[in-house]
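K.L.:
Below are the sequence and a predicted model for it; my questions follow.
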There are 2 protein chains.
Amino acid sequence: MTGKPATIKEIAKILNVSVSTVSRALHKHPTIGITTQLKVQALAEKLGYEPNQNAISFQKGKTYTIGVIIPELSEAFFSAAISAIEDTAYKRNYTVLIAQSHDNEEKEIQLVEKMKNSRVDGLLISVAKTTSSFAHFDMLKRFNIPVVFFDRIPPLKNIHYVACNMETGSIEAVNYLLQKGHRSIGLINGPATLAASGERKEGYIKAMTKNRLKFDPSLIVGCNLTEEGTRAALDGLLAHKRRPSAIVTFNDYVSLYAIKHARNLGINLDKDLQFVSYANLPIINYMDYAPVASVEQFPYLQGQKAADILLDLLSRKEQSLDEVQAYYNVIVESQLIENKTRNSY
Amino acid sequence: MTGKPATIKEIAKILNVSVSTVSRALHKHPTIGITTQLKVQALAEKLGYEPNQNAISFQKGKTYTIGVIIPELSEAFFSAAISAIEDTAYKRNYTVLIAQSHDNEEKEIQLVEKMKNSRVDGLLISVAKTTSSFAHFDMLKRFNIPVVFFDRIPPLKNIHYVACNMETGSIEAVNYLLQKGHRSIGLINGPATLAASGERKEGYIKAMTKNRLKFDPSLIVGCNLTEEGTRAALDGLLAHKRRPSAIVTFNDYVSLYAIKHARNLGINLDKDLQFVSYANLPIINYMDYAPVASVEQFPYLQGQKAADILLDLLSRKEQSLDEVQAYYNVIVESQLIENKTRNSY
DNA sequence: ACTTTTCACGCAAACGTTTGCCTGTTTTTT
DNA sequence: AAAAAACAGGCAAACGTTTGCGTGAAAAGT
């Protein structure tokens, strides 16, 4: 009851059986007689025996731990994804090891290294914005540690990943605004270096042309996602000869910056300018002026799918159905969610 | 270069020395000759040898892992604390195992159990709101696993903890408003069941009486922290015979709800009503109307101190300076932070 | 040239669990 | 009643590393 936890050995000694018998009894192995089995289990219970996970991991050469590397825990998207990963993993008796790269490539490399050394069974990664070399992922492959990428996917062949298709949401966003009667719709996009920017732009263009509207490239402005950058971008659009009555922004933060700026400029956000953005963060429920709709990327679902895939990979590995023949490529469709709570209750 | 990682045994065999020599050489043990040492290190490097953490943990009976149990990862306070814990732990070569209780007592108990079984060396906990029994913490004590509580502290004797003193911040908050010329100051508090509510109330009262102002209990209203609850609380205060010109709220969310409601009621938030709250969340930087100041609780600092304490405990344990003579009780002073960015740039 | 010390390294046990293989006993089959 | 099969359990190795103790050989002391 006090000091060190009970071991299988002690149980064996007390019961005058061998350790192997105890081990098998606790696993309900059929070759152990029912009476012995019960005796062992009873004593184990009484002693409060708990298997030493460390010893098991060591013995089996696997840790029943999956590593997760994300850019920032404080971002709502990732904490939601983590929750999903935890839930999924716990159900299958896996433990989750979380680490943040803070969007720093060097840190990411260190973490991958550390995860490899702490012998996680598999890895879930959303890569840092700045990551430009991918050798550290190759290393994992060499060590036979399966990796599933999610949300932020590196441009590599032959990888497992789950990502969100931004195009559908983008199209929905533009369509939504068109239906609302807007005819000049701007886009405050992210930096061109981000893949996410490209997807948003594609969707925007596709929606415009599908609706037989002339697509005006000058209505698309990039920004660096900071508050100042957003202000500059908005100023640019407002000065446009076909001043937009609605704007799609790269994410909710950009929308919020833009809204703040617009309000300071005295623009009527109910009539003269509406925003639609990406992310659908809970934060917008606290705003008195918020985007009228936001494209949801389903972080929980993405996390869940990614974890499912990884666990599947691990179980096939256990059955040595190794040498993957195919790669999982799961696409979650984004979806426009109207912000019902906006400015009303 | 390919399949399984290199082991100490292989190095030993290749170099025709014993495994113990290799082990010691890699640890730069003085009893190993310098030439052998270099030979070993060179080969280890060449083979890409990495010690098997699993084996080491098993051998040493410790995991170099500290567990962290928090209510919600998505709350900014906790994700900041986690970042601090991670940083602190990594510096000392510890790994951090994170789990969320979702403010659910049962889940918390399960997690404590799981952490114990996965043999974490120590535990950092911020207890769930609903937790009312504390037997699971006693168990950790029995198994000799040190625990440091932070932020949300259970009412127990003889525990290590780091917490934040709300009273100083509360006093500062009220003083701040008094200096700004407000004479009637309301308090929208949390539920009476929360210890945090009591502290805020204490501070509020202390500040009022210290300033020789009559303290009016009817200017304090409780709320359940929801949007509706907040509206009702605000309505109550606005109907007060001495209608307050400033209000202190339990946290930033309550402030935001109240502000939203006040704006809908057409109240001028620049002149007629000001808010001060607790938490100092980054979210308020995105608001066009936000609390004019917020009481910072320094989550990063709290996490850091808590981790420091735990690591210290673990190192004394290693030196078997066991049987703690004293308990760490660290108090971080809260501090009022003016919201400079509010409504201006 | 002898003993004593220091040096550099090897031996082997230990950590807790799992698992392939072997052995003795009981039950079933013919 | 003898042979085969089924049952119950034990033996021992293995996983990779650390570490107390032992031991030759070289260096130092007398």
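P.N.:
That came in fine, so what should we check first? Residues are numbered from 1 along each chain as shown, chains lettered A, B, ... in the order given.
K.L.:
all strands for chain A, in order.
P.N.:
Counting by DSSP state E, chain A has strands at residues A:65-70, A:95-100, A:122-125, A:147-150, A:160-165, A:185-189, A:220-222, A:246-249, A:274-278, A:293-296, A:329-333, A:335-338.
K.L.:
would you turn the ones you listed into TSV with mean pLDDT and mean neighbour count?
P.N.:
All C-beta spots, glycine's among them, are computed from the backbone N, C-alpha and C. As requested, those are arranged in TSV below (pLDDT from 0 to 100; neighbours: other CB atoms under 10 Å in any protein chain shown):
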stretch	mean pLDDT	mean neighbour count
strand A:65-70	96	26
strand A:95-100	95	23
strand A:122-125	97	26
strand A:147-150	98	24
strand A:160-165	95	22
strand A:185-189	95	27
strand A:220-222	94	20
strand A:246-249	96	28
strand A:274-278	93	27
strand A:293-296	93	24
strand A:329-333	96	15
strand A:335-338	92	15
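K.L.:
tally of neighbours for A:Q41?
P.N.:
Per other CB atoms under 10 Å in any protein chain shown, the neighbour tally for A:Q41 reads 16.
K.L.:
Could you report the separation of it from B:H27?
P.N.:
Going from A:Q41 to B:H27 by CB to CB, to the nearest Å gives 42 Å.
K.L.:
Let me see the contact set for A:S74.
P.N.:
Residues near A:S74 by CB atoms under 8 Å, 6 or more residues apart in numbering or on different chains: B:76, B:79-80, B:83, B:282.
K.L.:
try 6 Å this time
P.N.:
Contact partners of A:S74, counting by CB atoms under 6 Å, 6 or more residues apart in numbering or on different chains, are B:S79.
K.L.:
how about low-confidence regions in the stretch 101-250 of chain A?
P.N.:
Applying pLDDT under 70 to the stretch 101-250 of chain A flags no residue at all.
K.L.:
Could you rerun that using 90?
P.N.:
Counting by pLDDT under 90, the stretch 101-250 of chain A shows low-confidence ranges at A:117-119, A:129-132, A:139, A:141-144, A:155, A:157, A:167, A:192-196, A:211-215, A:225.
K.L.:
where do the helices sit along it?
P.N.:
Taking DSSP state H, counting those that start in this stretch to define them, one finds helices in the stretch 101-250 of chain A at A:105-117, A:135-142, A:166-179, A:195-210, A:227-238.
K.L.:
quick one: buried residues of the first one?
P.N.:
Applying a neighbour-count criterion of 16 or more other CB atoms under 10 Å in any protein chain shown, the buried positions in helix A:105-117 are A:105, A:107-109, A:111-112, A:114-116.
K.L.:
next one: the fourth one
P.N.:
Using 16+ other CB under 10 Å as the test for burial, helix A:195-210 gives A:196-197, A:199-201, A:203-208.
K.L.:
Could you pick out the longest helix of chain A?
P.N.:
Counting by DSSP state H, the longest helix found in chain A is helix A:299-318.
K.L.:
So which elements touch that helix?
P.N.:
helix A:76-91, strand A:122-125, strand A:147-150, strand A:160-165, strand A:329-333 (3 or more CB pairs under 6 Å, 6 or more residues apart in numbering or on different chains; DSSP states H and E).
K.L.:
contacting residues around stretch A:199-208?
P.N.:
Under CB under 6 Å, 6+ apart, the answer for stretch A:199-208 is A:166-167, A:170-171, A:174-175, A:187, A:189, A:215.
K.L.:
Name the residues of the stretch 51-200 of chain A found near DNA strand C, please.
P.N.:
A:51-52, A:55-56, A:58-60 (CB under 7 Å from any atom of the strand).
K.L.:
from those residues, which would you call buried?
P.N.:
Applying 16+ other CB under 10 Å to these flags A:52, A:55, A:58 as buried.
K.L.:
and A:H261, what does it touch?
P.N.:
A:231, A:234.
K.L.:
returning to what we had before: now, among the buried residues of helix A:195-210, which is nearest to DNA strand D?
P.N.:
Each of the buried residues of helix A:195-210 was checked against DNA strand D using CB to the nearest atom of the strand; the closest is A:A196, at 41.3 Å.
K.L.:
Closest approach to DNA strand C from the stretch 101-250 of chain A, which residue is it?
P.N.:
For the stretch 101-250 of chain A, CB to the nearest atom of the strand, closest residue to DNA strand C: A:R119, 14.6 Å.
K.L.:
residue contacts, that residue?
P.N.:
Contact analysis of A:R119 by CB under 6 Å, 6+ apart lists A:63, B:53-54.
K.L.:
Try it again at 10 Å.
P.N.:
A:57-58, A:61-63, A:65, A:67, A:143, A:145, B:5, B:50, B:52-55, B:57 (CB atoms under 10 Å, 6 or more residues apart in numbering or on different chains).
K.L.:
for chain B, what are the nearby residues on the stretch 201-345 of chain A?
P.N.:
Remark: the part of the stretch 201-345 of chain A in contact with chain B comprises A:227-228, A:231, A:252-253, A:255-257, A:259-264, A:281-290, A:341, A:343-345, using CB under 10 Å from any CB of the partner chain.
K.L.:
cutoff 7 Å now
P.N.:
For the stretch 201-345 of chain A, the contact set with chain B under CB under 7 Å from any CB of the partner chain comprises A:227, A:253, A:256, A:260, A:263, A:283, A:286-288.
K.L.:
Counting neighbours, which of those comes out on top?
P.N.:
Counting neighbours by other CB under 10 Å, the top entry in those is A:L256, with 27 neighbours.
K.L.:
Tell me how far that residue lies from B:L26.
P.N.:
53 Å.
K.L.:
And for A:F134?
P.N.:
30 Å.
K.L.:
Who has more neighbours out of these two?
P.N.:
Shown here are A:F134 and B:L26; by other CB under 10 Å, B:L26 has more neighbours (17 against 13).
K.L.:
quick one: the more buried one and B:V40 touch, right?
P.N.:
Yes - B:L26 lies in contact with B:V40 (CB atoms under 7 Å); the separation is 6.4 Å.
K.L.:
ok, A:R242 touching A:S184?
P.N.:
Yes - A:R242 lies in contact with A:S184 (CB under 7 Å); the separation is 4.6 Å.
K.L.:
Comparing those two, which residue is more hemmed in?
P.N.:
Taking neighbours as other CB under 10 Å, A:R242 and A:S184 compare with A:S184 leading, 17 against 13.
K.L.:
Was I right to think that one contacts A:P244?
P.N.:
Yes - in this structure A:S184 lies within contact range of A:P244 using CB under 7 Å: 4.4 Å.
K.L.:
Which residues are in contact with each of those two?
P.N.:
A:L219 (CB atoms under 7 Å, 6 or more residues apart in numbering or on different chains).
K.L.:
residue contacts, A:H102?
P.N.:
By CB under 7 Å, 6+ apart, the residues touching A:H102 are A:71-72.
K.L.:
same deal with A:T31?
P.N.:
Here A:T31 is in contact with A:R24 (CB under 7 Å, 6+ apart).
K.L.:
ok, now how distant is it from A:S20?
P.N.:
10 Å.
K.L.:
What of A:D288?
P.N.:
From A:D288 over to A:S20 the distance is 69 Å, taken as CB to CB.
K.L.:
and if you look at A:E10?
P.N.:
From A:E10 to A:S20 the distance is 15 Å (CB to CB).
K.L.:
who's more crowded, these two?
P.N.:
Taking other CB under 10 Å, A:E10 and A:S20 do not tie; A:E10 has more neighbours (17 against 12).
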